[in-house]
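*Asks:* coords please:
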Amino acid sequence: MNSPKKTLLAVVEQGGYPDFTRVYENAGYQVETVKTTRKAIGFLKKNKVDLLVAEFNFQTDFRDRCSSLESVMASVQHQPALKVIIFIDKSNAQRFEKISSRFSIHHTLSFPIDEEQLREAVNNI
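*Replies:* Now for the predicted structure:
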């Protein structure tokens, strides 16, 4: 009897990098991709997710936070077994510390994303 596939939610807001669906599927995940924070939060409210892969995009127009990723991560807290991989621009590493100090991030990969490093991170979760 096959066990149900694990679910991976990919939040691709800005993109600009390869589609890594094949990497995720080869690791045994059923992949759901959304392009907005709102859709990510909605999906997390309705579904059990095993792995979240998202981008950290620094946004200067927010008063009380530095990225929409903070809203997504607040939803992640309701699924304590969920693991998180974040894609980040090295120039925003210091700004990202605000989020990584508050939320459990399992792997952080810098742009440009190396497919082999991503594969290793996904397989080690």
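*Asks:* how far is the lowest-mean-pLDDT helix or strand in the chain from where the chain is centred?
*Replies:* Sorting the helices and strands of the chain by mean pLDDT, DSSP states H and E puts helix 93-100 at the bottom, at a mean of 74. Helix 93-100 sits 15 Å away from the centroid of its parent chain (C-alpha atoms, centre = their mean, to the nearest Å).
*Asks:* and after it, which helix or strand comes next?
*Replies:* Next along the chain after helix 93-100, taking DSSP states H and E as the criterion, comes strand 107-110.
*Asks:* any idea how many residues pack against residue 71?
*Replies:* Residue 71 sits with 14 neighbouring residues when counted by other C-beta atoms under 10 Å. Quick note: C-beta positions are derived from backbone N, CA and C, even for glycine.
*Asks:* just to be sure, residue 33 is in a strand?
*Replies:* Yes. Checked against DSSP: H, G, I helix; E, B strand; the rest coil, residue 33 lies within a strand.
*Asks:* many thanks, have a good one.
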